[in-house]
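**Q** Fold the following, please.
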Amino acid sequence: MHMAGTFAGLLLLISVPLALSAFLMLFVGYRGRRLNTNPTCRACGFDLAGLAAGSPCPECGRSLSRPRAIRIGTRRRRLLLVLAGFSILLMSVFTAGLGTALSIRGINWNAVKPARLLEWEAVNARIVDERVVNELLARHAAGTLSADTMKRLAARALARQADPALEWSPLWGDIVQSAHALGVLTPQQWQAYWDQGFGTSLDVRGRVNGERQVAFSIGFHVERMSSRGKFSVRIVNSGVSAQEATGFVHQSASIGGAGMSGDQSSQRHTLSGSMPCPGIPAGTFTTTVWMDLELRDNKVFSGPPGSKRRVQVTGPIEFLPPGVAATLLVPDASVRDQIRASLLDLRIFADIKPATQILQLEVTFEDLPVDVSFSLDLIQTNLDGNQQIFHIPGFSARKGPGRQTKSCMPHMPKDLHQGRMMAILKADQRAADSTIDITEVWDGEIIIPEIEVEPLQYARPTIPAQSRPRLITR
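**A** Residues are numbered from 1 along each chain as shown. Here you go, the predicted model:
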């Protein structure tokens, strides 16, 4: 905007000398060049040389006795100079017009419009004019927009949100959330905002292992909400109902569960985990898995809830006998070298301060040939020469091209310290059973003879391919 204003001023400045030059050229060219010093009629330009005094002009018949009726010298107009002056005048007019148009365009006319006019333009446009909505938000932030106006705008925003045929802008979501913060939104309107803009879906694993842990994945779809808002969601209650062919229903329920947070500007989020369902016998049943969710419009689980809803899915689920895993281990020796080559990096970060006790694991694969699920054993040698083994729960990675990094923050093992130690990645069926779609994983081990447990607060530079950890597979 500043550059456009500078350019407009430059154009207006250039147009002034152009116009002065054009007028001067037109004057000189139209007045013409003097050819002689003979007296001429000022009215028609007739040469009066040799005419008797007191006679009228023989050409036009006007009296020559009037003041300024006679001009000395015959003049010829300079047509080329006139044409040049006219061309420069047109150029001057064009330059001045362009500069004026740019100046007018650079003015924020929305800033001087009445609030009622801005409101009318905002709610009646099928295509969102974000400049108008931004001005309304700016006036609300400055405290110059009334609460009644915000209430009406929020109602129209909710109507637009509910109509997929109308274009949506995240700025309308900012209007709704600002109205909610102002206290002019009803609980029903606030619930409708979340119901219309925040979709949820639930998917579960079709086979449940003998430990009765049902793997689930909740998808969150943020479609028509704010661009600057946050959200958090947590599982309040969950349960499983398995119905036998006789009609008898086995039920299991639990309170509380996992949670997550994110930005409303991102359109896709996933919360995965597993929930216990003890008491359900082995067999295949028509099963309903349900979860009660609580959503909030911030990244912390505090304040009034944004929305409460239940997600559920019904279908046949096979519950395996105790001690039976839902995933098969495949000891395929032919892919051993490929898996070894695909493991680009394994990094372990730890904050061992008593007040924090945080452990983070990052594993990077590239072009993984098969599905894998690993747990991690860290073997640490103490000062007295004895070894301690720390078992860290596993993670899973899907086969496929490209690079993928898996990150998890398991429970911090007691007495683990920073430094070098041996790491063993072992095939882990329980980790695979906690996914909703992995059915077979490679059965093998990857041994890293020496790995550094790094401080968590340190920067994490990208590890080049030539510095991969030295591996032993078996």
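**Q** May I see the buried residues of stretch 415-433?
**A** Applying a neighbour-count criterion of 16 or more other Cβ atoms under 10 Å, one finds 416, 421-433 buried in stretch 415-433. Using the backbone N, CA and C atoms, a C-beta is placed for each residue, glycine as well.
**Q** same thing with stretch 190-207?
**A** Residues 190-194, 196-198, 200, 202-207 are the ones in stretch 190-207 that count as buried (16+ other Cβ under 10 Å).
**Q** Among these, which lie within strands?
**A** 198, 200, 202, 203, 204, 207 (DSSP state E).
**Q** Roughly how far does the nearest residue to the last one once chain neighbours are set aside sit from residue 274?
**A** If the residues on either side of it in the chain are set aside, residue 207 comes closest to residue 326, at 4.1 Å by Cβ to Cβ, 6 or more residues apart in numbering. Computed as Cβ to Cβ, to the nearest Å, the residue 326 to residue 274 distance reads 11 Å.
**Q** and what of residue 81?
**A** 92 Å.
**Q** Neighbour count for the two, which is higher?
**A** residue 274 (22 against 19; other Cβ atoms under 10 Å).
**Q** partner residues bridging that one?
**A** Beta-bridge partners recorded for residue 274 (DSSP bridges): residue 215.
**Q** Does it touch residue 432 like I think?
**A** No - with contact defined as Cβ atoms under 8 Å, residue 274 does not count as touching residue 432 (11.4 Å).
**Q** circling back to that earlier point, got the buried residues of stretch 415-433 as CSV, with distance to residue 333 and pLDDT columns?
**A** Formatted as CSV, those follow (distance: Cβ to Cβ, whole Å; pLDDT from 0 to 100):
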residue, distance to residue 333, pLDDT
416, 33, 73
421, 28, 84
422, 23, 88
423, 22, 87
424, 18, 89
425, 16, 88
426, 16, 89
427, 13, 89
428, 19, 89
429, 19, 87
430, 23, 87
431, 21, 87
432, 19, 88
433, 24, 89
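**Q** Which helix or which strand is home to residue 374?
**A** strand 372-381 (DSSP states H and E).
**Q** So what touches that strand?
**A** Strand 372-381 has contacts (Cβ atoms under 8 Å, 6 or more residues apart in numbering) with 327, 339, 348, 361, 363, 365, 387-397, 399, 413, 416-417, 419, 421-432, 435, 438, 441-442, 446, 453.
**Q** Pull out the buried positions in that strand.
**A** Neighbour-count burial for strand 372-381 [16+ other Cβ under 10 Å]: 372, 373, 374, 375, 376, 377, 378, 380.
**Q** and the very next helix or strand once past that strand, how far out from the chain's middle?
**A** Downstream of strand 372-381, the next assigned helix or strand under DSSP H and E is strand 387-397. Strand 387-397 sits 36 Å away from the centroid of its parent chain (Cα atoms, centre = their mean, to the nearest Å).
**Q** Send over the following helix or strand past strand 387-397 as CSV, restricted to the C-alpha atoms.
**A** Counting by DSSP H and E, the next helix or strand C-terminal to strand 387-397 is strand 400-408. Coordinates of each C-alpha in strand 400-408 appear next as CSV, following Å, rounded to 0.1, in the frame of the first residue of the first chain:
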residue,chain,number,x,y,z
GLY,A,400,5.3,-47.2,2.0
PRO,A,401,7.5,-44.8,0.0
GLY,A,402,8.8,-41.5,1.5
ARG,A,403,10.2,-40.5,4.8
GLN,A,404,8.2,-40.8,8.0
THR,A,405,9.1,-39.8,11.6
LYS,A,406,7.4,-41.4,14.6
SER,A,407,7.6,-39.6,17.9
CYS,A,408,6.3,-40.7,21.2
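**Q** now stretch 288-295, how far from the centre of its chain.
**A** Relative to its chain's centre, stretch 288-295 lies at 27 Å (Cα atoms, centre = their mean).
**Q** got a list of contacts for that stretch?
**A** Outside stretch 288-295, the residues touching it (Cβ under 8 Å, 6+ apart) are 194, 198, 200, 202, 204, 214, 216, 218, 231-241, 243, 257, 275, 305-314, 317.
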